[in-house]
Structures are given as C-alpha cells and as structure tokens.
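A.B. asks: I'll drop the sequence and a predicted model, then ask my questions.
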Amino acid sequence: MITGLTHMHSLLRWVILILLIVTIIRTFQAKAGKEARYLTIVTHIMLLIGLLQWFMGNWGLKLIQSNGMGEVMKNSAQRFFAVEHALTMIIATVLITMGGVFVRKGKSSAKWLYVFALLLILSRIPWPFMADGIARGWLPGVGM
C-alpha cells in the first residue's frame, strides 16, 4: 500500500507543477478561474496522501519514534523526509489554498502566493540530482 501511495504521490507532483504554472500564468493575466480550484483540489489530495505516508510509512513518524528526533535531525536524508519536505509542503498547501480564496475574491495578490508556493515546492521535491538518500526518480518505479 505504501508503494502505491508513493507512486501516486510522485505522479501527482507533475500534475500540481503543471496546474500551478498554468494558474500562475492565468493569475498574472487576471483570468484565473477553474484551474485555481483544480489546483487546490489536487494539492489537498496530495497533502492527504503525503500525510498517510508520513504517519504509516518508514520516513516519517516511525522514523522519529525509532531513532529519536535528535538522531533524525543529524541525518540529512532522514531530516529531509521527516521534517523539511513535510513542513514545506504543508506551508505550500496553505499558500495554494489562500491563493484559491484570493482568486475567488478577485484579489490580485493571489499570484504572489502561487509563485512563493511554487518556489517552496521546487526546493523540497526529492529531485534525482539531490544528495544520496534524498534523490528519487523523475517518475515512480523508473530508475534515476
């Protein structure tokens, strides 16, 4: 089950990145609409999958419980998944949700929330070129 959730999580990152870029472009054109809503929905689904992985998988709560928070913080790969990735993506989800509310209210500042969310997401995705232990493939089940 965790493998399936991991694959779904990895595939949805591409959906979110594409939707986020389209939404940013549309908000700069002051034409954002349904894409902002779709982005919010997909981002919340992704967050739920990520939280399931964090609580049920080996790279979140179980890791902290078995090694202790001090040891997890000393190891860059463990820290990345147990703390950095999770917290950064929660913050990005909040920004995307706020952006969706701002789009519905017609506020132009939504675009900056989306841009900042994009920067946060890009910084904490486990890209193939990241350090050993953190790096993941471009697509699920496909080697680097």
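C.D. replies: Okay, I see it.
A.B. asks: got the contact list for the residue positioned nearest the centre of the chain?
C.D. replies: When the chain is reduced to its mean C-alpha position, the nearest residue by CA atoms, centre = their mean turns out to be M89, at 4.2 Å. Applying CB atoms under 8 Å, 6 or more residues apart in numbering to M89 gives the contacts 46-47, 50, 120-121, 124. No exception for glycine: its C-beta is placed from N, CA and C like everyone else's.
A.B. asks: Please repeat the previous calculation with a cut-off of 10 Å.
C.D. replies: Counting by CB atoms under 10 Å, 6 or more residues apart in numbering, M89 touches 13, 16, 43, 46-47, 50-51, 54, 117, 120-121, 124-125.
A.B. asks: does it belong to a helix or a strand, and which?
C.D. replies: Take DSSP states H and E as the rule and M89 turns out to sit in helix 85-105.
A.B. asks: by contact count, what packs against whatever helix or strand comes next after that helix?
C.D. replies: Secondary structure here is assigned by DSSP H and E; on that basis, the next helix or strand after helix 85-105 toward the C-terminus is helix 110-124. Applying 3 or more CB pairs under 10 Å, 6 or more residues apart in numbering; DSSP states H and E, one finds that helix 110-124 contacts helix 2-28, helix 34-56, helix 85-105.
A.B. asks: Can you point out the buried residues in helix 110-124?
C.D. replies: 110-111, 113-115, 117-118, 120-121, 124 (16 or more other CB atoms under 10 Å).
A.B. asks: So which of the residues you listed is the closest to M98?
C.D. replies: L113 (5.4 Å; CB to CB).
A.B. asks: So the closest one is in contact with M98, correct?
C.D. replies: Yes - distance between L113 and M98: 5.4 Å, which falls inside the contact criterion (CB atoms under 10 Å).
A.B. asks: sorry, back to before: can you check what angle separates the helix holding M89 from helix 34-56?
C.D. replies: Orientation note: helix 85-105 sits at an angle of 160 degrees relative to helix 34-56 (axes from the mean of the first three to the mean of the last three CA atoms, to 10 degrees).
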